[in-house]
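Undergrad: no sequence on this one, just coordinates:
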């Protein structure tokens, strides 16, 4: 079973930037797609971004498109989420998740079966 550990969250002013990191255990993480999700208080968890196992394909929620960038380092078993032009509505706990192995379908609709503990992102106005 893979373990995912997020880091990089914090408090930032609106318009600022943060980079979230997700460290994955296991030697085969490079074979899996990965995604970032978020959950604000009183809301359901929502899709933010995902990346294919090779890193060649990405998908973003409309609310973050053009502001967030997901990337994957298969050598070091890492997934990143670079967040720029942050808004107060981006405030949430952000979770890293592992997707299917060698997945070539829709990244947004894939099944994500392993989750990290989350990292808090707070954007002040």
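TA: Received the coordinates, thanks. The structure displayed is predicted, hence computed values, not measured ones.
Undergrad: Over to stretch 111-125 now: how far is its first residue from its last?
TA: 34 Å (C-alpha to C-alpha, to the nearest Å).
Undergrad: what does stretch 86-100 give?
TA: 29 Å.
Undergrad: Name the residues of that stretch that come out as buried.
TA: 86, 90, 91, 92, 93, 94, 95, 96, 97, 98, 99, 100 (16 or more other C-beta atoms under 10 Å). Just so you know, the C-beta spots here come from the backbone N, C-alpha and C atoms, and that holds for glycine as well.
Undergrad: can you check stretch 15-26 too?
TA: Applying 16+ other C-beta under 10 Å to stretch 15-26 flags 18, 20, 21, 22, 23, 24 as buried.
Undergrad: Adding distance to residue 64, secondary structure and pLDDT, write these out as a markdown table.
TA: Formatted as a markdown table, those follow (distance: C-beta to C-beta, whole Å; DSSP: H, G, I helix; E, B strand; the rest coil; pLDDT from 0 to 100):
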| residue | distance to residue 64 | secondary structure | pLDDT |
| --- | --- | --- | --- |
| 18 | 12 | strand | 98 |
| 20 | 12 | strand | 98 |
| 21 | 17 | strand | 98 |
| 22 | 16 | strand | 98 |
| 23 | 22 | strand | 97 |
| 24 | 22 | strand | 96 |
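Undergrad: And the residues you listed, which is closest to residue 53?
TA: residue 24 (12.0 Å; C-beta to C-beta).
Undergrad: Run through the residues that contact the nearest residue to that closest one once chain neighbours are set aside.
TA: Nearest residue to residue 24, sequence neighbours excluded (C-beta to C-beta, 6 or more residues apart in numbering): residue 77, at 4.5 Å. The contact partners of residue 77, by C-beta atoms under 8 Å, 6 or more residues apart in numbering, come to 23, 24, 25, 26, 29, 30.
Undergrad: since we're on the closest residue to residue 30 other than its chain neighbours, how many residues are nearby?
TA: Nearest residue to residue 30 in three dimensions, chain neighbours excluded: residue 74, at 3.6 Å (C-beta to C-beta, 6+ apart). The tally of other residues near residue 74 (other C-beta atoms under 10 Å) stands at 14.
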